[in-house]
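Q: dropping the sequence and predicted coords here.
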Amino acid sequence: MQSSELPLSIEKRSDHICGRFSAMASPCEILVDSGDSELAKELTQVAYLECKRIENKYSRYQHNNLMFEINQSNNQAVTIDAETAKLLTFADTCYQISDGLFDITSGVLRKVWKFDGSDRIPTHPQITALLPFIGWQQVSFTANSITLPTGFELDFGGIGKEYAVDCVAKACQQLAPNVSVLVNFGGDIQVTQARKNHPYWQVGIEDPSNLSKGLAMVNIATGGLATSGDANRYLLKDGLRYGHVLNPKTGYPIQQAPRSVTVAAPQCIQSGLLATLALLQGKDAELFLQQQDCKHWCFW
Amino acid sequence: MQLKQTKNVSATLAAASCALLGTSVQAEDNSEEWKFDTAILYYGETDRVQLVEGVFNANKDFGDEHYFNGKLVIDTLTGASASGAVAQSGVQTFTRPSGNETYTVEAGETPLDDTFHDTRVQASGQWTQPIGENYRISGGLQASKEYDYLSIVGNGSLDMDLNQRNTTLSAGISYAFDSIDPVGGRPVDLSSMVVDNGQFDSSEAYQQAFDATRLQGSEQKDTVDLLLGVTQVINRRMLMQFNYSLSMSDGYHNDPYKVLSVVDQQGLTQDVVYESRPTERTKHSMYWQTKYALDQGVVDFSYRFATDDWDIDSHTIDSRFRYNLSETSYIQPHIRYYQQNEAEFYNPFLSQGTALPEHASADYRLGKMTAITLGLKYGMQLENGNELAFRLEYYQQTPDNAGFEQPGTLADEDLYPSLKAVIAQVSYSF
Amino acid sequence: MKRKTIVIITIMAVMQLAGCANLGVQPWERDLLAKDEMALDSEGVDIGLDDHIYFSKEATSGGRSFAGGGCGCN
């Protein structure tokens, strides 16, 4: 595979090499703790291909993929592969441990909630009209198939990018077992192993309350880091801020939640879920994270 | 709406993630192993002091920016050091600090006190940790003991990060308690050295005369240091530090082994008296350091200006240039320039017939001088990741006459001999 | 007089630097600054040994860090 065929850029920096591309609506970075440009190029190519594979398979914006097929199935069983079954099992676990707050069928609410910074709050009837189409417990799946009730939609938005980061990190680890690689897809990060000549990678995480200069520095030696919440996705009406994390049971945004939560955990997807589950706790987000005994940063 | 069994969420999620990704469960641990730096240094002056010093430095990262540093230093000093007395055209006889015997110095030779030997042990510990998001505190203790000297130091400091950690403000305070109990007691300030030239009827008579110039028991010195600093990141390659420090000491400042010659108009020594320094000293210093990252290395430059109420001003320029030869090795030339003027009470000798000043010292270290250090370090990373480094430096100190006229035969003597030393060091970090 | 001028100039330089908001880097630009050899105390052991030598051979000490006490060599 020639890199000229792929939309990648490779930049040699003083003590590492950075490979870049754009995917999953995010800037993606592969930092390689080595001076070997060939290796870095190879790793970035592998990362790009793996990332695109996952995006093409599960994006709900594409119309010729598995996700589209499932979402248009009209209560008919759809055959799924082992990877999809594992993702569904994971989503099921998240649903269980969050007492139904984390629900990958809640994406339909986005038909009425457009978090564009405006004051266009949907009406109560608009919201309640969608509630019958939400509820993971009504979805049945096995290792080989899934059946989705009519009008339901699956959305891997809450886990897809983090999952891709972990898959890419795993692929990089296999290709370069002795080199530290940092995979960063728009702030969701996984480091394959500790660096050779530096104690850690240093990355900035966005502080949504202070976008112009608000970046908190995080040192990450190995493991994952993910952020949930987004400063730019909210509605503001009558002085009330509606964050973009929705409660699938009520159809309304979670109240008093932090604007964003960043969590460090061994795997990026763990970090991502802990961050999302924390946001779903609203004002108790910080308490929840403390109980989980994980490194975290909350921005209110 | 609380999560069910909140405390199990993390563990369940970890297991689910592992099932999803096909990885094994691993514990998160961001603390690091102990890191040790060791070094042995040899410092040798031609015909004078020899010093061998060993350092064992241990650092531990307890995670979340909690750090411990422990350090043990042992050094052994031998050889001779200039006593402060001037060279003469004839042989001179001096009494050793203990009072137990005399020694002679040949004509034209700089008088040295050659009984100089001591072993010092120093141990220290320092703890640093964050307080909230933008503050760090640090505290430490240090104790140093040698035969006639004990020093105990405590320090504390607070750092505040601003502007995304691009600016750090620091404030620190340190208190040192020093206690000295010199061999043979402390000489009375400006008292004459009693030399047994056969003029005493008995050894008891000599001892009585000697004891009359001595005070028994230990003396103390208290030192309080205040330090204010700003560290600023300038750009991606450069950072700077500015420090202002104030040091105030109160107590015994004399070097009990240093003397001054009292000479007549022909330049001949008539008497030798023990030095006398003020009991207080206030020092100010301004320190500026900058580091610049090159593609192939680092430039480190610092300048210090210090001034004190003994009227000593000094300028120090210190520069290191690290050049990376490869990914795992580097060379580092080092140059240091130091210049000081003499203390207000510095006198290379006293003149007979004029009243004794309140304070006087002929200690060359309080005189006017320039000093140059040239060095080269070579460091390499071994295959096991540990670092080995060698350093070789040359230090030359050139005292200057600060305008003191040398009467009579003293004009022929070199009162300001330069001092040349070699510094060799091997370091190993693991 | 000369001494005062130097002190004042240095203080002004420090204040100007501290007051200048344009200085500094974004967190992701710290790759070079994060290197071990860019730490202000990267030569810690060497500097400690040097400080001891110069403390016992010259009239001035400290500046970089605390100056007080330590040994009877001066």
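A: The structure has been received and is ready for your questions. Residues are numbered from 1 along each chain as shown, chains lettered A, B, ... in the order given.
Q: any low-confidence regions in chain C?
A: For chain C, the stretches with pLDDT under 70 are C:1-22, C:26-31, C:67-74.
Q: now do 50
A: Across chain C, residues meeting the criterion (pLDDT under 50) sit at C:19-21.
Q: do a quick rundown of the helices in it.
A: Assigned helices in chain C, in chain order: C:2-19, C:44-57 (criterion: DSSP state H).
Q: then chain B?
A: Counting by DSSP H, the helices of chain B are B:9-21, B:203-211.
Q: what's the mean pLDDT across the helix or strand where A:Glu29 lies?
A: Assigned by DSSP states H and E, A:Glu29 belongs to strand A:26-32. Per-residue pLDDT values over strand A:26-32 give a mean of 90.
Q: can it be found next to chain B?
A: No - judged by C-beta under 8 Å from any C-beta of the partner chain, strand A:26-32 and chain B are separated, with a smallest distance of 14.2 Å. Any C-beta I mention is one placed from the backbone N, CA and C, and that applies to glycine too.
Q: list the strands paired with that strand, with their directions.
A: strand A:17-23 (antiparallel), strand A:181-185 (antiparallel) (DSSP bridges).
Q: quick one: average confidence on the longest one?
A: Strand A:17-23 shows a mean pLDDT of 91 in the predicted model.
Q: what's that strand in contact with?
A: Defining contact as C-beta atoms under 8 Å, 6 or more residues apart in numbering or on different chains, one finds that strand A:17-23 is touched by A:6-11, A:27-32, A:34-37, A:40-41, A:43-44, A:47-48, A:51-52, A:55, A:185.
Q: in this structure B:Gln425 contacts C:Asp50, no?
A: No - the pair B:Gln425 / C:Asp50 is not scored as a contact, 9.6 Å apart, by C-beta atoms under 8 Å.
Q: if we can go back for a sec, tabulate the strands paired with strand A:26-32 (TSV), appending mean neighbour count.
A: Shown next, in TSV, are the strands paired with strand A:26-32 (neighbours: other C-beta atoms under 10 Å in any protein chain shown):
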stretch	mean neighbour count
strand A:17-23	20
strand A:181-185	27
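Q: need the CA coordinates for stretch A:251-266. CSV is fine.
A: What follows is stretch A:251-266, C-alpha atoms only, in CSV (Å, rounded to 0.1, in the frame of the first residue of the first chain):
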residue,chain,number,x,y,z
GLY,A,251,-36.1,12.1,26.7
TYR,A,252,-34.6,15.2,28.4
PRO,A,253,-31.0,16.2,28.9
ILE,A,254,-29.4,15.2,32.2
GLN,A,255,-29.6,18.2,34.6
GLN,A,256,-26.6,19.7,36.3
ALA,A,257,-24.1,17.5,34.6
PRO,A,258,-20.5,18.6,34.1
ARG,A,259,-19.8,20.1,30.7
SER,A,260,-17.2,17.4,30.2
VAL,A,261,-15.5,14.6,32.0
THR,A,262,-12.2,13.1,31.2
VAL,A,263,-11.2,9.7,32.7
ALA,A,264,-8.0,7.7,32.6
ALA,A,265,-8.3,3.9,32.6
PRO,A,266,-6.3,0.9,31.2
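Q: where along the stretch 201-300 of chain A do the strands fall?
A: A:201-206, A:215-220, A:223-228, A:234-237, A:240-243, A:260-265, A:295-299 (DSSP state E, counting those that start in this stretch).
Q: now render these as TSV, adding mean neighbour count and mean pLDDT.
A: What follows is those, written out as TSV (neighbours: other C-beta atoms under 10 Å in any protein chain shown; pLDDT from 0 to 100):
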stretch	mean neighbour count	mean pLDDT
strand A:201-206	20	76
strand A:215-220	18	75
strand A:223-228	26	89
strand A:234-237	16	74
strand A:240-243	16	75
strand A:260-265	26	88
strand A:295-299	19	84
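Q: possible to save these as CSV with distance to B:Leu392?
A: Listed next are those as CSV, based on distance: least, C-beta to C-beta, whole Å:
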stretch, distance to B:Leu392
strand A:201-206, 35
strand A:215-220, 36
strand A:223-228, 43
strand A:234-237, 64
strand A:240-243, 63
strand A:260-265, 45
strand A:295-299, 45
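Q: out of the ones you listed, which is closest to B:Glu344?
A: Closest approach to B:Glu344 among these (C-beta to C-beta): strand A:215-220, 49.5 Å.
Q: buried residues, stretch A:95-105. List them.
A: Within stretch A:95-105, the residues that count as buried by 16 or more other C-beta atoms under 10 Å in any protein chain shown are A:95, A:97-98, A:100-105.
Q: let me know whether it sits next to chain B.
A: Yes - using C-beta under 8 Å from any C-beta, stretch A:95-105 reaches chain B at A:96-99, A:101.
Q: shouldn't A:Lys170 be in contact with B:Leu20?
A: No - when contacts are counted by C-beta under 8 Å, A:Lys170 is not listed as touching B:Leu20 (11.0 Å).
Q: can you show me the CA trace of stretch B:357-374 as CSV?
A: C-alpha atoms of stretch B:357-374 as CSV (Å, rounded to 0.1, in the frame of the first residue of the first chain):
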residue,chain,number,x,y,z
PRO,B,357,40.7,47.0,63.0
GLU,B,358,37.5,45.6,64.5
HIS,B,359,37.3,42.9,61.9
ALA,B,360,40.0,41.5,59.7
SER,B,361,40.6,38.4,57.6
ALA,B,362,43.3,37.3,55.2
ASP,B,363,41.3,34.4,53.9
TYR,B,364,41.9,34.3,50.2
ARG,B,365,38.3,33.3,49.7
LEU,B,366,37.2,36.8,50.9
GLY,B,367,39.7,38.5,48.6
LYS,B,368,39.4,39.9,45.2
MET,B,369,39.6,37.1,42.6
THR,B,370,38.5,35.6,39.3
ALA,B,371,37.9,32.0,38.7
ILE,B,372,37.4,30.0,35.5
THR,B,373,36.1,26.4,35.1
LEU,B,374,36.4,24.5,31.9
